[in-house]
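1. Got a sequence here, can you model it:
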Amino acid sequence: MPTAAEVFDKVRQAGESGDLEAYLELLADDMVMEWVTPYPGFPSRMEGGDRLREFYRGVAGQVRGSRSEFRDVVVHQGADPEVVIAEYTRELANAETGETRSIPYIVVLRVRNGRIVHYRDYFQL
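-> Below is the predicted model:
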């Protein structure tokens with residue numbers, strides 16, 4: 001079974017390659033997602049893997065054609081083996097406009113049986 005840090009690395013790989021389905025495969029059926037920073041079009045909390053998969057597929061068109069790179073990644077493993085905290089900067093480039101944004105993130109992941117059961121996302125716009 002992959003560790004929480006290994007699952008975060010799969011999240012990173014999916015984000016950089018734009019492989020939405022690879023990311024969605026990591027979601028547990030009872031997953032809870034929290035976006036702590038308000039973001040237009042995103043709820044602050046969503047529950048259920050199927051609901052999250054539907055949501056992400058619905059917003060996928062907003063990021064198609066964009067490139068993403070995770071930089072300065074630091075993963076902290078705490079005393080609880082199910083939990084990791086990852087800090088990174090995500091470089092997002094819009095392929096159509098060429099506009100690039102650097103967004104600092106901190107995410108807290110709880111992973112059980114190789115699937116994400118809780119994802120708390122802090123980012124700064």
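2. secondary structure class for residue 59?
-> helix (DSSP: H, G, I helix; E, B strand; the rest coil).
3. could you say which helix or strand contains the nearest residue to it once chain neighbours are set aside?
-> Distances taken as CB to CB, 6 or more residues apart in numbering put residue 41 closest to residue 59, at 6.8 Å, once the chain neighbours are dropped. (C-beta placed from N, C-alpha, C; glycine too.) For residue 41, there is no helix or strand it lies in under DSSP states H and E.
4. Which pLDDT does the model give residue 41?
-> You'll see residue 41 listed with a pLDDT of 79.
5. show me the contacts for the residue nearest to residue 22 when sequence neighbours are not counted.
-> Distances taken as CB to CB, 6+ apart place residue 14 nearest to residue 22, at 4.1 Å, with adjacent residues excluded. Listed by CB atoms under 8 Å, 6 or more residues apart in numbering, the contact set of residue 14 reads 20, 22-23, 26.
6. in what helix or strand does residue 39 lie?
-> Counting by DSSP H and E, residue 39 is found in no helix or strand.
7. just residue 119 next, same as before
-> Assigned by DSSP H and E, residue 119 falls in strand 115-123.
8. Give me the sheet partners of that strand and which way each runs.
-> strand 27-35 (parallel), strand 100-112 (antiparallel) (DSSP bridges).
9. residues of the last one that come out buried?
-> The reference is to strand 100-112. 105-111 (16 or more other CB atoms under 10 Å).
10. Let me know the next secondary structure element after the longest helix along the chain.
-> For the chain, the longest helix by residue count, based on DSSP state H, is helix 4-17. Next along the chain after helix 4-17, taking DSSP H and E as the criterion, comes helix 20-24.
11. pull the CA atoms of that following helix into CSV?
-> Extracted C-alpha coordinates of helix 20-24, given in CSV (Å, rounded to 0.1, in the frame of the first residue of the first chain):
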residue,chain,number,x,y,z
LEU,A,20,-7.3,14.3,-14.3
GLU,A,21,-8.3,10.7,-14.3
ALA,A,22,-5.1,9.7,-12.5
TYR,A,23,-5.9,12.2,-9.8
LEU,A,24,-9.5,11.1,-9.5
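12. That one packs against which elements?
-> Using 3 or more CB pairs under 8 Å, 6 or more residues apart in numbering; DSSP states H and E, the elements in contact with helix 20-24 are helix 4-17, helix 49-59.
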